[in-house]
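# What shape does this take:
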Amino acid sequence: MNIEETSLKGVYVITPQVFGDARGWFMESWSQRKMEEAGIFVDFVQDNHSFSAQKGTLRGLHYQLNPMSQAKLIRCTRGELLDVAVDIRKGSPQYGKWVSVRLSAENKKQIFIPRGFAHGFITLTDNVEVQYKADNYYAPECDGNIRWNDPQIGIDWELEPIILSDKDEKAPLLSERTNLNFVYEEAKE
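Below you'll find the predicted structure:
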């Protein structure tokens with residue numbers, strides 16, 4: 001398992017080692033020990049699975065406020081998508097910055113997104129399945145979102161979305177989100 005930090009500190013791309021033979025393949029998709037060796041300490045409590053039928057389906061940018069914020073480990077188990085993380089921690093030198101990675105059933109890559117980041121993805125093929133682990137339970141009263149095309153953030157989604165939920169289409173800009181309660185804390189050496 002290769003664990004690589006992205007340009008956003010705390011966001012990692014995880015590439016599993018895949019063992020294949022005439023029968024098919026095997027991979028370890030999660031190892032708490034290997035994550036902790038990389039400095040990632042998280043206890044997952046919930047697994048989620050979503051399906052999007054059409055290419056160009058955009059979901060995001062979503063987050064949950066404290067005390068129910070979530071770290072996530074996301075992978076695509078069917079099709080291909082572009083996954084995006086945005087730092088929304090007040091005081092962060094990366095505030096409003098984003099990173100993206102292509103996840104697919106073929107490349108088997110995963111992305112780890114810590115608490116204090118908004119998350120979204122767009123499907124690049126039809127019939128996409130996404131599975132992800134979360135370290136906190138879903139809490140509708142803490143649910144929040146930011147507009148997917150916020151010019152302050154400037155995400156390159158690679159293609160124009162065709163399908164958006166009403167909630168995501170009408171989401172406020174990052175600058176309008178005055179209730180964000182994520183605070184950047186400098187890592188202690």
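
# what comes into contact with the longest helix seen in the chain?
In the chain, assigned by DSSP state H, the helix with the most residues is helix 32-37. By Cβ atoms under 8 Å, 6 or more residues apart in numbering, the surrounding residues in contact with helix 32-37 are 1, 3, 41, 42, 112. Every C-beta, even on glycine, is put in place using the N, C-alpha and C of the backbone.

# Pipe those residues into a markdown table and attach pLDDT, distance to residue 58 and secondary structure per row.
Putting the contacts of helix 32-37 into a markdown table (pLDDT from 0 to 100; distance: Cβ to Cβ, whole Å; DSSP: H, G, I helix; E, B strand; the rest coil) gives the following:
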| residue | pLDDT | distance to residue 58 | secondary structure |
| --- | --- | --- | --- |
| 1 | 89 | 29 | coil |
| 3 | 94 | 27 | strand |
| 41 | 96 | 31 | coil |
| 42 | 96 | 26 | coil |
| 112 | 98 | 21 | strand |
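
# out of these, who has the most neighbours?
When those are compared by neighbour count (other Cβ atoms under 10 Å), residue 112 ends up highest, at 23 neighbours.

# now whatever helix or strand residue 85 lives in, how far from the chain's geometric center?
Using DSSP states H and E, residue 85 falls within strand 80-87. Chain-centre distance of strand 80-87: 6 Å, with Cα atoms, centre = their mean, to the nearest Å.

# What pairs with that strand, parallel or antiparallel?
If you go by DSSP bridges, strand 80-87 pairs up with strand 98-104 (antiparallel), strand 117-123 (antiparallel).

# Residue 42 contacts residue 71, correct?
Yes - using Cβ atoms under 8 Å, residue 42 is in contact with residue 71, at 5.1 Å.

# Alright, that wraps it up for me.
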